[in-house]
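Undergrad: Whatever this is, show me its structure:
(one chain, ligands or ions: 1)
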Amino acid sequence: MGSEAEENLDKCFDVVSAVVRKAGDLIASRFWKSKKVQQKLSDIDLVTETDQEVEKLLIDTLTAEFPHHRFIGEEATSEGAKCELTDAPTWIIDPVDGTMNFVHSFPHSCISIALLVKKQAEIAIIYNPVLKQLFTARRGQGAFYNGKQMHVSDKKEVSQALVVAEFGTSRDEKKLDIMLENFRKILQTSHGVRALGSAALNMAYVAVGGADVNFEFGIHAWDIAAGDLIVREAGGVVIDPAGGPLDLMSRRVLAASSPELASEFSKLIKQYYPEPRD
Ligand code: LIP
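TA: Presented below is the predicted three-dimensional model:
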């Protein structure tokens with residue numbers, strides 16, 4: 001039998017797995033219908049009623065079971081809640097990552113949720129309820145795709161890599177120029193680049209070995225908290241795009257199947273530092 005803390009994490013995993021399934025059913029039931037959409041920070045940064053309802057369902061359910069836990073949720077933050085990570089057990093939640101895809105019924109959206117304790121990720125789930133793709137990880141216990149253990153690819157060189165990257169949800173001209181330059185360099189040096197519109201699923205695809213590198217400037221903690229643990233538990237690396245450790249609040253991420261690939265890729269791309277930080 002494990003320690004009390006381990007048993008508590010077991011319970012956390014069971015509770016969150018069940019509520020993610022339930023929330024996924026809600027997303028799936030609305031997926032092919034038209035949605036009520038509102039704009040957030042730009043006309044390509046959207047929120048729907050489903051984003052808000054799913055976040056509420058997740059937070060209400062987890063609060064009822066674990067009243068001392070804290071939350072960083074995408075929608076609560078956009079309504080003014082503080083985005084503050086402390087040592088307390090904290091769930092970091094993106095209720096619908098890939099909202100633009102959800103709005104258009106492009107079946108590439110997911111729930112992304114991670115539990116951090118003392119700022120260390122312990123549990124991570126990414127779930128695309130339309131294609132029924134469930135990616136899970138617990139610290140030290142490996143990463144799983146629909147219940148089967150998964151591993152990153154064996155790629156070590158950019159010339160052999162398939163890259164997933166996004167332009168993101170801002171229309172900032174400076175960022176657009178840097179990204180176009182980066183896409184050009186990646187197209188000239190790698191096997192190809194894909195942009196499917198969900199930061200969390202991009203990381204999950206690196207974890208499952210479908211893609212070899214993912215990077216993005218402008219994401220938020222809720223886009224990458226689950227993907228970070230899932231990629232690392234699948235044997236990959238997650239770092240700052242300029243090299244060095246990932247800073248969850250920096251709005252920058254680079255995930256890769258090997259340290260060699262991450263290092264070569266980080267030297268290839270032009271850097272961008274989004275403001276403000278989370
Ligand atoms: C978005 C991602 C998108 C990424 C953005 C943002 P949202 O999340 O799905 O792929 O480029 O940076 O993170 O707003 O749909 O939850």
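
Undergrad: what lines up beside the helix or strand where Ala114 lies in the sheet?
TA: Assessed by DSSP states H and E, Ala114 sits inside strand 110-117. Sheet pairing of strand 110-117 (DSSP bridges) gives strand 90-97 (antiparallel), strand 120-128 (antiparallel).

Undergrad: For it, which residues meet the burial criterion?
TA: Cys110, Ile111, Ser112, Ile113, Ala114, Leu115, Leu116, Val117 (16 or more other Cβ atoms under 10 Å). Glycine gets a C-beta too; all of them are placed from N, C-alpha and C.

Undergrad: Of those, which is the nearest to Leu162?
TA: If you rank those by distance to Leu162 using Cβ to Cβ, Cys110 comes first, at 19.5 Å.

Undergrad: Contacts only, for that closest one.
TA: Shown in contact with Cys110 (Cβ atoms under 8 Å, 6 or more residues apart in numbering): Val96, Asp97, Gly98, Ile126, Tyr127, Asn128, Pro129, Gln133, Ser198, Ala200, Leu201, Ala204.

Undergrad: so what's it bridging to?
TA: Asp97.

Undergrad: ok, now the one 10 residues further on?
TA: The bridge-partner assignment for Gln120, based on DSSP bridges, gives Val117.

Undergrad: Grab the most central residue of this structure for me.
TA: Ala200 (2.7 Å; Cα atoms, centre = their mean).

Undergrad: That residue and Ala221, how far apart?
TA: With distances taken as Cβ to Cβ, to the nearest Å, Ala200 is found 11 Å from Ala221.

Undergrad: Asp45 now?
TA: In this structure, Asp45 and Ala221 are 16 Å apart, going by Cβ to Cβ.

Undergrad: So the two - more neighbours on which side?
TA: Per other Cβ atoms under 10 Å, whichever of Asp45 and Ala221 has more neighbours is Ala221, with 25 against 15.

Undergrad: Quick check, pLDDT for Glu4.
TA: If you check Glu4, the pLDDT there is 43.

Undergrad: The strands paired with strand 110-117: which one's closest to Lys148?
TA: strand 120-128 (15.0 Å).

Undergrad: now the closest residue to Ser250 other than its chain neighbours, what's its secondary structure?
TA: Excluding its sequence neighbours, the residue lying closest to Ser250 (Cβ to Cβ, 6 or more residues apart in numbering) is Arg277, at 6.0 Å. State at Arg277, reduced to three classes by DSSP: H, G, I helix; E, B strand; the rest coil: coil.

Undergrad: So the helix or strand where the residue nearest to the centre of the chain lies, near the ligand or not?
TA: When elements are assigned from DSSP H and E, Ala200 belongs to helix 199-207. Yes - for helix 199-207, a contact with the ligand is found by Cβ under 6 Å from any ligand atom, at Ala199.
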